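[1] Fold the stuff below for me.
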Amino acid sequence: MMADLKLIVAAVALPAMLSGCALVASGSPDWDARFGESNRIMQSEQLIDPQAPTRNGQIVPATDGRNVRDAMDRHGESYRSPPPSTVTNINVGGG
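    Numbers count the residues shown, from 1 in each chain. Next up, the predicted model:
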């Protein structure tokens, strides 16, 4: 009797689960066609002047590679050997 009940539940549940998969598969082309649309809209709304890169393509950079490399080296060195602290801790009333 219990085996028959399990068979009936499985027979009812299996088509219901498979129909859910069919609905997802049929909706997928619509989702795929709009994939990334929200990201593209948000990115375009953050630009002040979308034509600036094409209009200003011939502008010479304000610095050269050597200066940028030296600045990066100094920045990295500041983390390896930070400057000494100028704070004096008197520790009055410490416990």
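[2] In three-state terms, how would residue 12 be classified?
    helix (DSSP: H, G, I helix; E, B strand; the rest coil).
[3] what's the spacing between residue 33 and residue 44?
    Distance of residue 33 to residue 44, computed by CB to CB, to the nearest Å: 18 Å. In this view, the C-beta of every residue, glycine as well, is placed from N, C-alpha and C.
[4] Low-confidence stretches in the chain?
    The model of the chain has pLDDT under 70 over residues 20-29, 94-95.
[5] Pick out the residue nearest the middle of it.
    residue 39 (10.6 Å; CA atoms, centre = their mean).
[6] Need phi/psi at it.
    Reported as degrees, to the nearest 10, the phi and psi values for residue 39 are phi -60, psi -40.
[7] Please report how far it lies from residue 45.
    Residue 39 is 11 Å from residue 45, by CB to CB.
[8] how many other residues sit next to residue 46?
    7 (other CB atoms under 10 Å).
[9] go on, residue 40?
    Neighbour count for residue 40, taken as other CB under 10 Å: 9.
[10] can you check residue 52 too?
    Based on other CB under 10 Å, the number of other residues close to residue 52 is 10.
[11] Quickly note the distance from it to residue 59.
    From residue 52 to residue 59 the distance is 10 Å (CB to CB).
[12] Kindly report the same for residue 35.
    35 Å.
[13] Strands of this protein, start to end?
    For the chain, no strands are identified by DSSP state E.
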